[in-house]
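In: Need the 3D shape of this:
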Amino acid sequence: MRRLVWITVLAFLLAAPAAGFAVTGDDDGTLSVRAGIGKVYLNFTGSAVGRVHNGAIRVTDPVAGDGLGFDFSGCDSEIDKSDTTANKSDTITVCRGNYLRFRAIGGRYQISIKGTGIYLSAVGHGYAILNGAGDDPAVESDGAYSLNDAPYKSLPNFGATVDLVAPVAG
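Out: From the prediction side, this is the model:
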């Protein structure tokens, strides 16, 4: 009988974290960008990781401490622009250079990426503005994007807004 009680207690203890993860993130969507050339802007709550072959990444963290924060690597120059904004509580950092990598985990972020060789994976809810360089005749392919694991499509030639939300169940 004691063994049954302990197994039941153990089952509840193991199920509680899984249930907590299932409750949060019901409206999360995914965005993937590969070999992008142009601009990608994210305004969302969630997590993102990525790299840029050549360009700049600007991350705004409007709510300090709401997640694990953000990190850069490979910056030729990293500039803190927090003091130059109207809202002094925002943390704004710009990273420029070649072979950049970044991550922004578990919070509210605004991420702006401009450059070539943009690779991005994001999960959360909010929106993104995608603007490929396809309108430039010198660029053969401006990369591709996928929302919620749909087939990849060419980045839009002009700024297009896409919602980062869970797919509609069908």
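In: Could you pull up the residues touching the residue most central in space within the chain?
Out: Among the residues of the chain, A48 comes closest to the average C-alpha position under CA atoms, centre = their mean, at 2.9 Å. By CB atoms under 8 Å, 6 or more residues apart in numbering, the contact list for A48 reads L42, F102, R103, A104, Y109, I111, L120, S121, A122, V123, G124. No exception for glycine: its C-beta is placed from N, CA and C like everyone else's.
In: Can you say which of those are buried?
Out: L42, F102, R103, A104, Y109, I111, L120, A122, V123, G124 (16 or more other CB atoms under 10 Å).
In: Could you dump these into CSV and include secondary structure?
Out: Below are the buried ones among the contacts of A48 laid out as CSV (DSSP: H, G, I helix; E, B strand; the rest coil):
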residue, secondary structure
L42, strand
F102, strand
R103, strand
A104, strand
Y109, strand
I111, strand
L120, strand
A122, strand
V123, strand
G124, strand
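In: picking that back up, can you redo the contacts of A48 as CSV with pLDDT?
Out: Shown next, in CSV, are the contacts of A48 (pLDDT from 0 to 100):
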residue, pLDDT
L42, 95
F102, 92
R103, 91
A104, 91
Y109, 90
I111, 92
L120, 94
S121, 95
A122, 95
V123, 96
G124, 95
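In: Tell me the one of the residues you listed nearest D27?
Out: Nearest to D27 among the contacts of A48: G124, at 9.0 Å, using CB to CB.
In: So for the nearest residue to that closest one once chain neighbours are set aside, what pLDDT did the model give?
Out: Of all residues not flanking G124 in the chain, G46 sits nearest, at 1.6 Å (CB to CB, 6 or more residues apart in numbering). You'll see G46 listed with a pLDDT of 93.
In: rewinding a little: tell me how far the residue nearest to the centre of the chain lies from S32.
Out: According to CB to CB, to the nearest Å, A48 and S32 sit 10 Å apart.
In: Likewise for A122?
Out: Counting by CB to CB, the gap from A122 to S32 is 8 Å.
In: can you tell me the distance between the two ends of stretch 144-161?
Out: End-to-end distance for stretch 144-161: 15 Å, by CA to CA, to the nearest Å.
In: Would you mark the buried spots in that stretch?
Out: A144, Y145, L147, L155, P156, N157.
In: biggest separation within the residues you listed, which pair?
Out: Spatial extent of those (CB to CB) is set by the pair L147 and N157 at 17.5 Å.
In: in the protein, which spans are strands?
Out: With DSSP state E as the criterion, the chain has strands at 29-61, 69-73, 77-80, 91-132, 144-147, 153-154, 160-164.
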